[in-house]
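# I need the structure of the sequence given here:
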Amino acid sequence: MVFTASDIAIRQRPSSKLSTVNWAQLMFGRTFTDHMFCADFIDGQWTDFRIEPYGNISIEPSLSALHYGQSIFEGLKAFRGVDNRVRIFRPEMNAKRLNASARRMCMAELPESVFLEGLRALLKVDSDWVHGEPGYSLYLRPFLFATETYLGIKPSDSYRFMIIASPVGAYYEGRIRVRVEQEYSRASAGGTGTAKAAGNYAASLYPALLGQKEGYRQLIWTDSATHTQIEESGTMNLFIVHNGTLMTPPLDSNTILAGVTRDSILALSRRRGWETKEETISVDFLASGLADGTITEVFGTGTAATIAFIECIGINGTDYSLSDLGIESKGAQLAAELYSIKMGENPDEFGWNWNL
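Below you'll find the model as predicted:
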């Protein structure tokens, strides 16, 4: 399929909502831009590519996505750099991951050109929503869901792809408290852990709520079979610094989502010449390293927060505190370098930025 921006019909909102935004009190995912991108998969092909005003969509109660969960999504960000140019960070990776999720969930795959040109068209229409002040960005949410109206259990014959956008500030304020979860599971071998499927997040809500009642902002997930191996941290990939070595669990378990920020952090670390390891991290190893001080940093990486610094980890009823190493920590150095690349302050030697 050959797809270009000229295939997109654009219907613009008569007036913008931008002037009503209170930037000082912006909450994550609560405010949306003026427009959205839509496309439909009907009779075996993608069609009706359009930019239209953001608003409600009409669906039937028998929509198969509502009953059988064929729904996947992505998350990425656009930034206004120091040169006033708008950049998207590594969108081609999100396009590939969306299709990997689609294959696992037995859904129609989307041509990468539709994903990328849809992003470009939406950003061109709503570029004024990309705030240039430090700490702000435009969060982009592409998603794909089944649209067949049928109550039989089978893969849908039709789908809709959409992109909506939301201006955001910092996702987490300060360092966070987490707990290692050893009863409930985020994913299991042979399941959908490597897919960015909506149901994965629904399943995590109850154990996360239990943790929050105990004073923990998020959970560190463990393997479903034994609950002895570390997997993810909340909705993020997990990193630790042990005796100066940056470590993160490998992706070969097929239960961990392949994060774009995770991949970027590893690349930046290796370019710096830092020792990095992608290897299994046991709960015992984590507890021992926190107790004797050989583990000096623990942080999560993801699109929404980029890097979330952890100040306390609860393991089997014991809280282990981590010192705040400030701007000298490996995590802080990597976060600053990554941000400078996104903002166009430092050369983009990896070719990660996609300029509008």
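# what's the model's confidence in stretch 95-106, averaged?
Averaging pLDDT along stretch 95-106 yields 98.
# ah, wrong one, I meant stretch 273-292
Stretch 273-292 carries an average pLDDT of 98.
# Would you mark the buried spots in it?
274, 276, 280-281, 283, 285-287, 289-290 (16 or more other C-beta atoms under 10 Å). Every C-beta, even on glycine, is put in place using the N, C-alpha and C of the backbone.
# what about residue 211, which helix or strand?
Using DSSP states H and E, residue 211 maps to helix 198-213.
# what's in contact with that helix?
Outside helix 198-213, the residues that touch it by C-beta atoms under 8 Å, 6 or more residues apart in numbering are 69, 71-73, 178-179, 181, 183-184, 186-187, 192-193, 218-219, 221, 234-235.
# Show the buried residues in those.
Buried members of those, scored by 16+ other C-beta under 10 Å, are 69, 71-73, 178-179, 181, 184, 186-187, 192-193, 218-219, 221, 234-235.
# out of the residues you listed, which are inside strands?
Secondary structure from DSSP state E places 71-73, 178-179, 218-219, 221 of the buried ones among the contacts of helix 198-213 in strands.
# Just read off the phi/psi values of the residue located most distally from the centre of the chain.
With distances taken as C-alpha atoms, centre = their mean, the residue sitting farthest from the centre of the chain turns out to be residue 292, at 32.8 Å. Taking degrees, to the nearest 10, you get phi -100, psi 0 for the backbone angles of residue 292.
# ok, it to residue 250 distance?
24 Å (C-beta to C-beta, to the nearest Å).
# what does residue 235 give?
According to C-beta to C-beta, residue 235 stands 19 Å off from residue 250.
# again with residue 46
Distance from residue 46 to residue 250, by C-beta to C-beta: 35 Å.
# Which one's more surrounded, these two?
A count of neighbours by other C-beta atoms under 10 Å puts residue 46 above the other of residue 46 and residue 250, at 19 against 11.
# contacting residues for the closest residue to that one other than its chain neighbours?
Distance criterion C-beta to C-beta, 6 or more residues apart in numbering; nearest residue to residue 46, sequence neighbours excluded, is residue 39 at 5.6 Å. Residue 39 is in contact with 46-50, 110, 114, 118, 160-162, counting by C-beta under 8 Å, 6+ apart.
# Just among those residues, which is most surrounded?
Within the contacts of residue 39, most neighbours by other C-beta under 10 Å means residue 118, with 27 neighbours.
# part of a helix, is that one?
Yes - the assignment for residue 118 is a helix, going by DSSP: H, G, I helix; E, B strand; the rest coil.
# The closest residue to it other than its chain neighbours: helix or strand, and which one exactly?
Nearest residue to residue 118 in three dimensions, chain neighbours excluded: residue 37, at 4.2 Å (C-beta to C-beta, 6+ apart). For residue 37, the host element (DSSP H and E) is strand 35-42.
# Repeat that for residue 49.
According to DSSP H and E, residue 49 maps onto strand 45-53.
# now the strands for the stretch 151-300 of the chain?
Assigned by DSSP state E, counting those that start in this stretch, the strands in the stretch 151-300 of the chain fall at 159-168, 176-180, 218-222, 230-233, 236-242, 245-248, 276-278, 295-302.
# got CSV for the ones you listed, with distance to residue 311 too?
Below are these laid out as CSV (distance: least, C-beta to C-beta, whole Å):
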stretch, distance to residue 311
strand 159-168, 23
strand 176-180, 6
strand 218-222, 12
strand 230-233, 13
strand 236-242, 14
strand 245-248, 19
strand 276-278, 23
strand 295-302, 9
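# wait, which of the ones you listed is closest to residue 318?
Nearest to residue 318, of all the strands of the stretch 151-300 of the chain, is strand 176-180, at 10.2 Å by C-beta to C-beta.
# quick one: terminal-to-terminal distance for stretch 301-312?
This stretch, stretch 301-312, spans 16 Å end to end (C-alpha to C-alpha, to the nearest Å).
# swap in stretch 167-177?
End-to-end distance for stretch 167-177: 26 Å, by C-alpha to C-alpha.
# ok, the residue lying closest to residue 69 once chain neighbours are set aside - how many residues close by?
Once flanking residues are discounted, residue 69 sits nearest to residue 199: 4.7 Å by C-beta to C-beta, 6+ apart. Per other C-beta under 10 Å, the neighbour tally for residue 199 reads 16.
# coming back round to it: wait, which of the strands of the stretch 151-300 of the chain is closest to residue 104?
The minimum distance between residue 104 and those falls on strand 159-168, with 14.7 Å, by C-beta to C-beta.
# Kindly calculate the angle that the closest one makes with strand 35-42.
Interaxial angle of strand 159-168 relative to strand 35-42 (axes from the mean of the first three to the mean of the last three C-alpha atoms, to 10 degrees): 160 degrees.
# which stretches of this structure form helices?
Using DSSP state H, the helices found in the chain span residues 64-68, 91-104, 112-125, 198-213, 260-271, 283-292, 330-342.
# Going by neighbour count, list what's buried in the longest one.
Meaning helix 198-213. Buried residues in helix 198-213, counting neighbours by 16+ other C-beta under 10 Å, are found at 198-200, 203-204, 207-208, 211.
# of all those, which two lie farthest apart?
Within these, 198 and 211 form the most distant pair, 20.9 Å apart (C-beta to C-beta).
# Contact partners for residue 166?
Counted by C-beta under 8 Å, 6+ apart, residue 166 has contacts 28-33, 138-139, 141.
# Same question for residue 129.
Contacts of residue 129 (C-beta under 8 Å, 6+ apart): 18, 33-34, 138, 165, 167.
# Including pLDDT, could those residues go into JSON lines?
Shown next, in JSON lines, are those (pLDDT from 0 to 100):
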{"residue": "18", "pLDDT": "96"}
{"residue": "33", "pLDDT": "98"}
{"residue": "34", "pLDDT": "98"}
{"residue": "138", "pLDDT": "97"}
{"residue": "165", "pLDDT": "98"}
{"residue": "167", "pLDDT": "97"}
